[in-house]
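>>> here is a sequence with its predicted model. Questions after.
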Amino acid sequence: MSDFVITASDKHMKLATWNVNSLKVRLPHVLKWLEDNPVDILCLQELKTVDEKFPLAEIEAAGYHAVFSGQKTYNGVAILSRHPMTDVVKNNPLFEDTHQRIIAATIEGIRIICVYIPNGQSLDSDKFVYKMNWLKSLHEWVKAEMVRYPQLAILGDYNIAPEDRDVHDPAAWVGMTHVSAPERNAFRDLLGLDMKDAFRMFEQPEKLFSWWDYRQMGFRRNAGLRIDHILLTQPLAARCTECVIDKVPRKWEQPSDHAPVIATLS
DNA sequence: ATGGCTTTAAACTAAAGA
């Protein structure tokens, strides 16, 4: 009998991430998307609202627990989960930050880290220095967390297109943030902690992105970048059977400029 | 074309995003 007991780590799980670019504006999209895609865990970025205005009642009515870390106007992250969450941590304890860009929780034995990595603005800006310092500190923290939590996933908006094939027009992006060598090295350093980019574990369509510029009909021209990622430690990567980007909500009225990314664990 | 589009906060304009 005990041979057939299903333990938490054997449960089929779907993990997703979505930069919603204002939860106030996009709440109807989030609720509709969860109806169509009842994932176990959804990490959200760019809430752009304070915690007092987080739509907890609506999220709970949809069958989800929620933990969140918001601020006025900018940034803000949340984890929605069908299962209870424990050991919630807001921001990287190794990095003093006035921005709310990280929230972590343990769900069904999996350590989930939801990140909104800084944009960087331009390579010669103070914001780029901030982005690189932020990434360096994230690496240090994740390295330590992996020892405590062998089953660890980092989901979010990385604001890094890891390779040229993740960029609609690599020539047009030369010298821009999101594609520079230091940013790509920082992404590779995270993979170097023995993590897998879930999307690249599988055969994927060419030119599939997770963000498209609002301007100049970026989505219709497929002028996009793949900057939203799900990184998995080996024990989770071994269970990952699929990773997809869902372009459907990008076609809805008044969409976020990002699309959700979903990983399935067996 | 330091433009293009969207959001927020505030105030009829500016900052930030990517």
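Noted; the coordinates are in hand. Numbers count the residues shown, from 1 in each chain, chains lettered A, B, ... in the order given.
>>> average pLDDT for the longest helix seen in chain A?
Of all segments of type helix in chain A, defined using DSSP state H, the longest is helix A:126-148. Average pLDDT, helix A:126-148: 97.
>>> now the helix or strand following that helix: average pLDDT?
Note on helix A:126-148: by DSSP states H and E, the next helix or strand toward the C-terminus is strand A:152-157. Taken as a whole, strand A:152-157 has an average pLDDT of 98.
>>> list the helices and strands strand A:152-157 packs on?
strand A:13-19, strand A:41-45, strand A:110-116, helix A:126-148, strand A:228-233 (3 or more C-beta pairs under 8 Å, 6 or more residues apart in numbering; DSSP states H and E). Bear in mind the C-beta positions are built from the backbone N, C-alpha and C, glycine included.
>>> can you name the next helix or strand after the first one?
Read it as strand A:13-19. helix A:23-36.
>>> what's around the residue of the stretch 151-266 of chain A found nearest DNA strand B, how many residues?
Closest to DNA strand B within the stretch 151-266 of chain A is A:Arg215: 3.5 Å, counting by C-beta to the nearest atom of the strand. A:Arg215 has 8 neighbours, counted by other C-beta atoms under 10 Å.
>>> against A:Ala153, how distant is it?
A:Arg215 is 32 Å from A:Ala153, where distance means C-beta to C-beta, to the nearest Å.
>>> picking that back up, for the longest helix of chain A, the distance to its chain's centre please.
Its chain's average C-alpha position is 15 Å from that of helix A:126-148, according to C-alpha atoms, centre = their mean, to the nearest Å.
>>> list the buried ones in that helix?
When burial is assessed from 16 or more other C-beta atoms under 10 Å, helix A:126-148 yields the following buried residues: A:128, A:130-132, A:134-135, A:137-139, A:141-142, A:145-146.
>>> and stretch A:173-181, by the same measure?
Buried, per 16+ other C-beta under 10 Å, within stretch A:173-181: A:Trp173, A:Thr177, A:His178, A:Val179, A:Ser180.
>>> extract the CA atoms of that stretch and return them as CSV.
C-alpha atoms of stretch A:173-181 as CSV (Å, rounded to 0.1, in the frame of the first residue of the first chain):
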residue,chain,number,x,y,z
TRP,A,173,19.6,45.8,-29.8
VAL,A,174,23.4,46.0,-29.8
GLY,A,175,24.5,48.4,-27.1
MET,A,176,21.1,48.2,-25.3
THR,A,177,20.3,46.9,-21.9
HIS,A,178,18.8,43.4,-21.6
VAL,A,179,21.3,41.9,-24.1
SER,A,180,24.7,43.2,-22.9
ALA,A,181,27.5,40.8,-22.0
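>>> that stretch close to DNA strand B?
Yes. Judged by C-beta under 7 Å from any atom of the strand, stretch A:173-181 comes into contact with DNA strand B through A:Thr177, A:His178.
>>> ramachandran angles for A:Asp166?
In terms of degrees, to the nearest 10, the main-chain angles of A:Asp166 are phi -90, psi 10.
>>> quick one: it from A:Ala259, how far?
A:Asp166 is 13 Å from A:Ala259, where distance means C-beta to C-beta.
>>> how about A:Trp18?
As judged by C-beta to C-beta, A:Trp18 and A:Ala259 stand 7 Å apart.
>>> and for these two, which residues touch both?
A:Asp228 (C-beta atoms under 8 Å, 6 or more residues apart in numbering).
>>> and those two? Which one has more around it.
Higher neighbour count among A:Trp18 and A:Ala259: A:Trp18, with 29 against 26, using other C-beta under 10 Å.
>>> okay, and the common contacts of A:Asp166 and A:Ala259?
Common neighbours of A:Asp166 and A:Ala259 are listed as A:Phe209 (criterion: C-beta under 8 Å, 6+ apart).
>>> so which bits of the stretch 151-266 of chain A are right by DNA strand B?
Residues of the stretch 151-266 of chain A lying near DNA strand B by C-beta under 7 Å from any atom of the strand: A:157, A:159, A:177-178, A:211, A:213-216, A:225, A:227, A:254, A:257.
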